[in-house]
Structures are given as structure tokens and as C-alpha cells.
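Student: Here's my sequence, what's the structure:
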Amino acid sequence: MDNKQTALSYNLKTTPLKRKIVLFGLQTTEFRSEIERAAREIRNRAKPNSTEATIEGHFERVLYAALREIGLAFSPEKEAVADTRRHTAKARMDSRLGALVIEYKRPSQFKTIRQVEKAIDQLSAYLLSLNGKGAPPTAGFLTDGRSYCELTAKDGAITSRSPRLNLDGDALHRSQVLKVL
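Tutor: Numbers count the residues shown, from 1 in each chain. Reported below is the predicted structural model:
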């Protein structure tokens, strides 16, 4: 992985005091309440006709703002190019934060089992394009603003995949989004 890719993943590890402050903030009841409020707001704003960009905007405005309040500032890379095996043209990840790929879906295109499986396949391809043998693990978060799935890749293979779960504060708190950040 290049420096740009790993900068966020290892940023907190290089500054012990900041890491302690952020980890403490993640565990407070105030932060958990804020994350629950953020999840509720994201869910309520994720209408069936919302676009991917709208869902992404809700996450950035609501969830990322809560993370900034505890000192976790970051700048996601938008439409990052992924060199996947499936596509002849370059595919583009919706958002990438170091070793975390976030893929947003329209609620209307994330309803059926077939649609969810297709989205999981797409995210899997992105994760595998970033994760080769010996590379640090990569994580994926797939959401329509109402529900989500998590995936992890290590040593060039998908090593874990959650079922599709409802998006709530507990889900966001224990999700790959916060684990990787």
C-alpha cells in the first residue's frame, strides 16, 4: 500500500495521545448517544428515491460531523479508481478512507436479495483490488442509509461478511467504519 492509502489507517497509531483521546471519546455515553441520533437522522433521510450522492451526503454531514467532535478529522477520497478483475474499464469506489471502502446504494436499488448480492460482489471486487498477499486488512461498508453490510479482506481474500443489518447507532458504533478509523 502507498502512503496515501495508509495515512489514515496509521495516523492514530503514530500519535499516542491523540489515539487515547479518540478511543476514549468513542466509548463515552455522550458519543454513543450522538451516534444513535446520527443513525436515526440518516435512516429518516434515506428515502426510497434518494440517490447514492444523497445518501453519501447524509453520512458526511451527520456521521462524520460526530466523529470530528471527538477529534477524528479525515478527508475521504471520492470516486477512487479500483483496478478490479471484473471490469474492463476502471471501476470507481464511492468513498475511500485509507483501508476502508464505503459504497453507497440507492434504497430503491438495495431491496432484493439479488440487488444486495450484486452490491456485495462489487464491494468485494474493490476490496480485493486493494488487498494482496501480505497487505494489511481492508474493510468495506455497504449502505443504502437504512441498512448495511460489512466485509473484510485479508491476504487477497474476503475473510468476513456480515448479513444485511438495520442501520442504527449500535451498528455504526461497532462497524468497520469506526474500527478502521
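
Student: Would you verify that residue 111 is located in a helix?
Tutor: No: using DSSP: H, G, I helix; E, B strand; the rest coil, the secondary structure at residue 111 is coil, not a helix.

Student: Do you know the pLDDT at it?
Tutor: Here, the pLDDT recorded for residue 111 equals 92.

Student: Next: residue 2.
Tutor: For residue 2, the model assigns a pLDDT of 37.

Student: following whichever strand or helix holds residue 126, which helix or strand comes up?
Tutor: Residue 126 belongs to helix 113-130 when assigned by DSSP states H and E. As assigned by DSSP H and E, the chain's next helix or strand after helix 113-130 is strand 138-143.

Student: which intervals of the chain have sub-threshold pLDDT?
Tutor: Along the chain, segments meeting pLDDT under 70 span 1-14, 72-90, 175-181.

Student: where along it do the strands fall?
Tutor: For the chain, the strands defined by DSSP state E cover 77-82, 91-97, 100-104, 138-143, 147-154, 157-161, 165-166.

Student: orientation of the longest one relative to strand 138-143 in degrees?
Tutor: To tie it back to what came earlier, the one meant is strand 147-154. With axes from the mean of the first three to the mean of the last three C-alpha atoms, to 10 degrees defining the directions, strand 147-154 sits at 170 degrees from strand 138-143.

Student: would you put the C-alpha positions of strand 147-154 in CSV?
Tutor: Output of strand 147-154 as CSV, limited to C-alpha atoms (Å, rounded to 0.1, in the frame of the first residue of the first chain):
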residue,chain,number,x,y,z
SER,A,147,-29.3,-1.0,6.2
TYR,A,148,-25.7,-2.0,5.7
CYS,A,149,-23.3,-5.0,5.2
GLU,A,150,-19.7,-5.2,6.2
LEU,A,151,-16.9,-7.1,4.6
THR,A,152,-13.2,-7.6,5.4
ALA,A,153,-10.4,-8.7,3.1
LYS,A,154,-7.1,-10.1,4.1
